[in-house]
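Visitor: Next come a sequence and a model predicted from it.
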Amino acid sequence: KEENNMKSYKKRILSTVLVLIMVLGLATACGEKQAETGEAGDGGPQAASKSMTVRISAGPSGANNFMICAALGDKVSSVFPNYTISAEISTGSAQNIRAMSQNEAQMGIAMSDSALYAYNAEREFTDLEPKQFNYVIGGYQTIIHLMVPADSSIQSVADLKGKKIAASQGITAQYYLPIILEAYGMTTADVSVSELQLADVVNALNDGTVDAGVHITSYPLAAISDLAATKGLRLLSLPEDKIAGIAEKYPYFSKMIISGGAYQGIDEDVVTIGTLNTLICRADLDEEFVYNFVKTVCESTDDLGAIHPKAAEFNKDNTLVGAVIPIHPGAEKYYKEIGIM
């Protein structure tokens, strides 16, 4: 009898050991799966396979692009604590592209025309190696704002001849303003142009040291809203024939509307031109990072919209709008998963 009891006891011990081994094996397997997929069962921060620091070259401090990039970076970093993502101040698309080319930044905001010319090493980017960049996400409108004081006698771009214009540094001053003047038979030689930071453009209009200001941005922009509320502001519209002529020669431009009421004192719609804003990256940026980035952004529309309305436009419905260069493999993987490619 004692011998039978001993055998029974040993069987129970063996059974207990086997159960423990199975439990530990399952726990290990689940942990490995979570590490591979980045899934967290409790909905909390997810695990990335490696730690990364990524800088997004964005735009002027206080401008929409800077705030949007900061919102995107903060959201992705909150989901993947292994990622440190920061928005960096810049003058705009051209500086963003050069920062990425020199690996001072790994991602950057670029208008669709800048992305295309940089990828092909054309226009202002002839000194760069071609095919350095890939498309990531984006597709929201950036619209030309032709600003004059509310009490100005200037009613049309034609009236700018001989006047002082403050244009935001970078692509607006170098390329967009000349395109608009060209539509009216003028060049920058017919006006006096100061290339300034956005804050200085606004200050110059406020102080009356310039007759007009030019900036391209999504709207409403806080700095312009403040100027409209304090100084008083008008935005110049472009006639349909001028818009058609510009779009025919520069197809990345199209007719766009700044809705009436977007800025204080401007009640009617303003008809102007604009292009599309996109987020691009270095072609060698880690594939897993880009996949996690676009997945998090596309699935966080409500959270991002609560931070900045334009950040919510990075979503599944319009994210491929403006993809004029090859899409990064990490982004492509996610877009195929959700059936939009």
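Guide: Sure thing, it's come through. Residues are numbered from 1 along each chain as shown.
Visitor: What ranges does the stretch 151-300 of the chain have for its strands?
Guide: With DSSP state E, counting those that start in this stretch as the criterion, the stretch 151-300 of the chain has strands at 164-168, 192-196, 212-217, 233-235, 254-258, 270-282.
Visitor: Adjacent strands (with direction) for the third one?
Guide: With DSSP bridges as the criterion, the sheet partners recorded for strand 212-217 are strand 133-149 (antiparallel), strand 164-168 (parallel).
Visitor: tell me the mean pLDDT for stretch 245-264?
Guide: For stretch 245-264, mean pLDDT is 93.
Visitor: Okay, buried residues for that stretch please.
Guide: The neighbour-count check on stretch 245-264 (16 or more other C-beta atoms under 10 Å) flags 246, 250, 252, 253, 256, 258, 262, 263 as buried. No exception for glycine: its C-beta is placed from N, CA and C like everyone else's.
Visitor: Which residues outside it are in contact with it?
Guide: With contact meaning C-beta atoms under 8 Å, 6 or more residues apart in numbering, stretch 245-264 is reached by 111-113, 116, 141, 143-145, 179-180, 183, 219-220, 224-225, 228-229, 233, 235, 238, 240, 243, 266-276, 324.
Visitor: just how off-centre is it within its chain?
Guide: 19 Å (C-alpha atoms, centre = their mean, to the nearest Å).
Visitor: Of the buried residues of stretch 245-264, which belong to helices?
Guide: Mapping the buried residues of stretch 245-264 onto helices (DSSP state H) picks out residue 246.
Visitor: got a markdown table for the buried residues of stretch 245-264, with distance to residue 101 too?
Guide: Formatted as a markdown table, these follow (distance: C-beta to C-beta, whole Å):
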| residue | distance to residue 101 |
| --- | --- |
| 246 | 28 |
| 250 | 24 |
| 252 | 21 |
| 253 | 25 |
| 256 | 29 |
| 258 | 33 |
| 262 | 35 |
| 263 | 36 |
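Visitor: what's the closest of the buried residues of stretch 245-264 to residue 200?
Guide: Lowest distance from residue 200 to the buried residues of stretch 245-264 (C-beta to C-beta) belongs to residue 263, with 19.5 Å.
Visitor: hey, what's that closest one bridged with?
Guide: Per DSSP bridges, the residues bridged to residue 263 are residue 266.
Visitor: Buried residues of stretch 103-117, list them for me.
Guide: Buried positions in stretch 103-117, judged by neighbour count with 16+ other C-beta under 10 Å: 105-117.
Visitor: One more: stretch 279-289?
Guide: 279, 280, 281, 282, 285, 286, 288, 289.
Visitor: Which one of the residues you listed is nearest to residue 335?
Guide: If you rank these by distance to residue 335 using C-beta to C-beta, residue 279 comes first, at 13.7 Å.
Visitor: give the contact list for the closest one.
Guide: 56, 69, 72, 107, 108, 109, 110, 136, 137, 138, 314.
Visitor: Let's see which of the residues you listed end up in strands.
Guide: In strands, defined here by DSSP state E, the members of the contacts of residue 279 are 56, 107, 108, 109, 110, 136, 137, 138.
Visitor: which SS class is residue 66?
Guide: Following DSSP: H, G, I helix; E, B strand; the rest coil, we place residue 66 in the helix state.
Visitor: on that earlier part again, go through the ones in strands among the contacts of residue 279 and name the one nearest residue 96.
Guide: Of all those, residue 96 sits closest to residue 108, with 3.3 Å by C-beta to C-beta.
Visitor: pretty sure the closest one contacts residue 65?
Guide: No. Contact criterion C-beta atoms under 8 Å: residue 108 and residue 65 do not qualify, at 9.5 Å.
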